[in-house]
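A.B. asks: need coordinates for the below:
(chains A and B)
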Protein chains: 2
Amino acid sequence: LMEKFFNPRSVAIVGATPKEGKVGRVLVENFLKRFSGKIYPVNPNYDEILGLKTYASLKDIPDEIDLVVVAVPAPMVPSVLREAGEKGVKAAIVISGGFRETGTEEGARLEDELIEVCKRYGIRVIGPNCIGIFDNWSGVDTYFLPDYKMKRPPRGYISFISQSGAFASALLDWMAHHNIGVSRAISYGNKIDIDDVDLLEYLGEDDKTRLIFMYLEGLKTGRGRVFIEKAREVGLKKPIVIYKAGKTERGGLAAASHTAALAGNYQLYRAAIRQAGMIEASSFDEIMDLSKVLLTQPLMKGRRVYVVTDAGGVGVMLTDALASEGFELPRTPSDLRDELRKMLPPHCIVDNPIDLTGDTDDERYILVLEKLLPRSDVDAVVVVALPQVPGIRGELANYLVKAREYGKPLLSIVIGGGEAEKFKYILEHNGIPVFESPERAAKALGALYRYSVFRGVAREER
Amino acid sequence: LMEKFFNPRSVAIVGATPKEGKVGRVLVENFLKRFSGKIYPVNPNYDEILGLKTYASLKDIPDEIDLVVVAVPAPMVPSVLREAGEKGVKAAIVISGGFRETGTEEGARLEDELIEVCKRYGIRVIGPNCIGIFDNWSGVDTYFLPDYKMKRPPRGYISFISQSGAFASALLDWMAHHNIGVSRAISYGNKIDIDDVDLLEYLGEDDKTRLIFMYLEGLKTGRGRVFIEKAREVGLKKPIVIYKAGKTERGGLAAASHTAALAGNYQLYRAAIRQAGMIEASSFDEIMDLSKVLLTQPLMKGRRVYVVTDAGGVGVMLTDALASEGFELPRTPSDLRDELRKMLPPHCIVDNPIDLTGDTDDERYILVLEKLLPRSDVDAVVVVALPQVPGIRGELANYLVKAREYGKPLLSIVIGGGEAEKFKYILEHNGIPVFESPERAAKALGALYRYSVFRGVAREER
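C.D. replies: The predicted model follows:
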């Protein structure tokens, strides 16, 4: 059934309009751009909208409708759904606001009526008061923002579920700007029906989704246990990164005003998140930091990390950060130490962090990494390559891309401007996450380690 | 005397060379580009380097020399300094490595000899084994990296002192890329003479420096007390942001290999940093986050922060982050609540965070801010403006710039791509810090609050 939401053959847009700047027009425009199924605008005042034949009501459409998108004033919504039900429609996205979120009696009454109608006809609903679905593969796009306000990201394998519509659209725009691939993005508004659990289940089985991110304020009452179970099940197949908003008492109050969510006790949420093997992002930055590492890197077998650097200071920063995350930075074992001593100039430091110093060149890095990566006592390597150093010319970046073959997590720290951007571009486009901040790299690797433990790949808890 | 380092009338470069890719050539090139005083290359093998008359030795230069820059092999350095001393030179930057940092007896012996010579002649030294000074006002530039490897940032008012040369150059390059203004940047290598205390004193009195950043692994033995006293004195005039590396035991080991620094007990450093009123940046990101807020924002009188948003979710994230930093987010007082109720549509939330919702326009923000900013019970305002919202057209950015007149800290959260970049550009170029991450904004405001307490402007400790 969820296919009717994400991959419908036909869509009716109720509330379509040719009027510039209106939600009902942006919806039609966006479907026209990327959706390859049939589009039926519905509006009794027009015969045609943007070149598409327009129908006075759902009943008049001489075709089966997989998905109906509703963007009419709240008081009209229940009757639109009734009509949809009579036509046999099974999936609806209700964009319209004006329901329980208004805090008014009338809003609550309309929402109850809507629930009742959908139950009666067996219609599954996303919304109301939502921004709905952006599906980068099928072209379903109910994000009612024009391209010039919100760019659409390239196709990719990250999907997300957001309790905040505005945050979902800002995130898509941000990901487009950073050229990060997205699969499907859903925001469910008041979630009278389809909720986090349903969406997790769908995305868990979706082969176009390799990582799921969730922005969550609170679950519906009574959905806690099934959420944990579902997350655990999905998490064994693919990582779930979660940002829980409403952590503090004051934040919980704000969440209650925002989505009427019961933010609940954060400590309980935290325990549940861990139990379910989800990876918590505790800041905006961590959302993408963790996601890019979890999406691109193989699981870790242990917590022994080596650092290779051309900048001693950044080596120290990174050592602090990795140690704070619970990683072990083994002192270089004597056999390796002897090998490195033989091939490196005497002023290089062969202890971990291995400091090739500012007169290094690409070749020196490659020599060391070729010794390091095949060893069974090395679980991950972080390469600090500040490209201000004259000897770094581009070979290192190409080597690192090839070195993914060793099947070990490989991250890089790069700080700087033009040269750094070039270096970063090659790496990030080939699945090697690059960070400016040693602390952020360490945190992302920490998340990969925790997920590896959950998946039973890492040898030990810490 | 420090003027001889930062603003010399004449500079001799010992070890100058016309050979491509050599340090001695890059030094001459960089001085030629920006330095307006006299430049005297010294090298017995050339009569002329890059069009400059070249001298066989320092003695041959028919002029007083304010600053000598030394880039010859370590064993020759003491005799160069002896000559400098005989010529009456009082300031030297020794770029050359090969001293105590090598861990060899010969290196230590050479360093001791160098110290002895400098004492005898009363020469003050920065280095050896250092990258020296980049002075954006006088054009002194001993950072021996060509422009294409390390871009030079625009002139500005942030100065920094870094125990790591590579980190200093990466940071300059990074700041150039982000168009952040720099005044003077110093890295002192083995610091046999001029150290953090001397540099703090100089930058403290320098009117081209409005904020000081320090990257520190460890102080010289016996300099702890005087460092704290000097930092406290300078801190009362301008903020000092400090990043302490070697926080963990493992990081301390790495620091010992790197600069032979005794990283010391981090808890003691932390206590000293607080006592001295310095602001600790605990991650790479915080260095610039804290600096940009401390540099541009007025001090805070208290910890009552209001949030105005068009995205409820980001309002919740920010509320959590501000509460975690110890800020108070007062519930909107009833008089203000009544005023807001009158002027806002009913679906807006007038409680703090004030949520103007996704159908807001610039005018709605301006109405609210005009009520909020003049109030004596408002100590700072954070404006979340996700510009995907169609109603945000540019007026808000201009208004915020004007609203600096209210003399209160004003930060903004913007997330997204093209439209967000435009918005951000206007604000950041006019002294309003913009963040993507609610958590980073809150931390930076927290630093401003702590500094305001240290300066005696904030009413209460928390």
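A.B. asks: touching chain B at all, stretch A:71-78?
C.D. replies: No: judged by C-beta under 8 Å from any C-beta of the partner chain, stretch A:71-78 makes no contact with chain B; its nearest approach is 11.2 Å. The way it works is simple: take the backbone N, C-alpha and C, and place the C-beta from them, glycine included.
A.B. asks: and that stretch, what's buried?
C.D. replies: Within stretch A:71-78, the residues scored as buried using 16 or more other C-beta atoms under 10 Å in any protein chain shown are A:71, A:72, A:74, A:77, A:78.
A.B. asks: and stretch A:372-386, which residues are buried?
C.D. replies: A:372, A:373, A:378, A:379, A:380, A:381, A:382, A:383, A:384, A:385, A:386.
A.B. asks: distance from stretch A:253-268 to the middle of the chain?
C.D. replies: For stretch A:253-268, the separation from the chain centroid amounts to 22 Å (computed by C-alpha atoms, centre = their mean, to the nearest Å).
A.B. asks: avg pLDDT for that stretch?
C.D. replies: Taken as a whole, stretch A:253-268 carries a mean pLDDT of 81.
A.B. asks: stretch A:132-144 now?
C.D. replies: Stretch A:132-144 carries an average pLDDT of 97.
A.B. asks: quick one: the closest residue to residue A:237 other than its chain neighbours and chain B, what's the gap?
C.D. replies: Nearest non-adjacent residue to residue A:237, counting by C-beta to C-beta, 6 or more residues apart in numbering or on different chains: residue A:204, 6.1 Å away. Noted for residue A:204: a distance of 24 Å to chain B, by C-beta to the nearest C-beta, to the nearest Å.
A.B. asks: same question, residue A:360
C.D. replies: Per C-beta to the nearest C-beta, residue A:360 is found 10 Å from chain B.
A.B. asks: confidence score at that residue?
C.D. replies: So, for residue A:360, pLDDT stands at 93.
A.B. asks: surely it is in contact with residue A:392?
C.D. replies: Yes: the pair residue A:360 / residue A:392 is scored as a contact, 7.4 Å apart, by C-beta atoms under 8 Å.
A.B. asks: which neighbours do the two have in common?
C.D. replies: residue A:310 (C-beta atoms under 8 Å, 6 or more residues apart in numbering or on different chains).
A.B. asks: burial of the residue nearest to residue A:237, as a residue count?
C.D. replies: Using other C-beta atoms under 10 Å in any protein chain shown as the criterion, residue A:204 is surrounded by 19 other residues.
A.B. asks: and residue A:346, by the same measure?
C.D. replies: If we define neighbours as other C-beta under 10 Å, then residue A:346 has 9 of them.
A.B. asks: re the thing from before, check the buried residues of stretch A:71-78 and tell me the two furthest apart.
C.D. replies: A:71 and A:78 (14.6 Å; C-beta to C-beta).
A.B. asks: can you get me a residue count around residue A:236?
C.D. replies: 12.
A.B. asks: for the residue nearest to it when sequence neighbours are not counted, give me its contacts.
C.D. replies: Spatially, and ignoring its direct neighbours in sequence, residue A:236 is nearest to residue A:455 (6.8 Å; C-beta to C-beta, 6+ apart). Neighbouring residues of residue A:455 by C-beta under 8 Å, 6+ apart: A:236, A:277, A:299.
A.B. asks: residues of the stretch 201-350 of chain A that sit close to chain B?
C.D. replies: Proximity of the stretch 201-350 of chain A to chain B, by C-beta under 8 Å from any C-beta, involves residues A:215, A:217, A:243, A:245-251, A:253-255, A:257-259, A:282-285, A:310-317, A:319-324, A:329, A:346-347, A:349.
A.B. asks: could you flag which of those are buried?
C.D. replies: Applying 16+ other C-beta under 10 Å to those flags A:215, A:217, A:243, A:245-248, A:250-251, A:253-255, A:257-259, A:282-285, A:310-317, A:319-324, A:329, A:347, A:349 as buried.
A.B. asks: please name the nearest non-neighbouring residue to the closest residue to chain B within the stretch 301-450 of chain A.
C.D. replies: Relative to chain B, the nearest point of the stretch 301-450 of chain A is residue A:313 (2.4 Å; C-beta to the nearest C-beta). Sequence neighbours aside, residue B:164 is the residue nearest to residue A:313 in space, at 2.4 Å (criterion: C-beta to C-beta, 6+ apart).
A.B. asks: does that neighbour touch residue B:214 like I think?
C.D. replies: No: using C-beta under 8 Å as the test, residue B:164 is too far from residue B:214 to be in contact (11.2 Å).
A.B. asks: what sits against whichever residue of the stretch 101-250 of chain A sits closest to chain B?
C.D. replies: Across the stretch 101-250 of chain A, no residue is closer to chain B than residue A:164, which sits at 2.5 Å (C-beta to the nearest C-beta). Residue A:164 makes contact with A:187, A:215, A:217, A:245, A:258, A:259, B:311, B:312, B:313, B:314, B:316, according to C-beta under 8 Å, 6+ apart.
A.B. asks: pLDDT score assigned to it?
C.D. replies: 92.
A.B. asks: same thing with the one 4 residues further on?
C.D. replies: Reported pLDDT at residue A:168 in the predicted model: 96.
A.B. asks: pLDDT-wise, which helix or strand of chain A ranks last?
C.D. replies: Least confident element among the helices and strands of chain A, by mean pLDDT, DSSP states H and E: helix A:249-259 (a mean of 86).
A.B. asks: can you give me how far that helix is from the chain middle?
C.D. replies: That offset, for helix A:249-259, works out to 23 Å (C-alpha atoms, centre = their mean).
A.B. asks: which elements pack onto that helix?
C.D. replies: helix B:312-324 (3 or more C-beta pairs under 8 Å, 6 or more residues apart in numbering or on different chains; DSSP states H and E).
A.B. asks: quick one: is the helix or strand that the helix it packs on is followed by near chain A?
C.D. replies: Downstream of helix B:312-324, the next assigned helix or strand under DSSP states H and E is helix B:334-343. No: Helix B:334-343 lies out of reach of chain A by C-beta under 8 Å from any C-beta, never closer than 12.8 Å.
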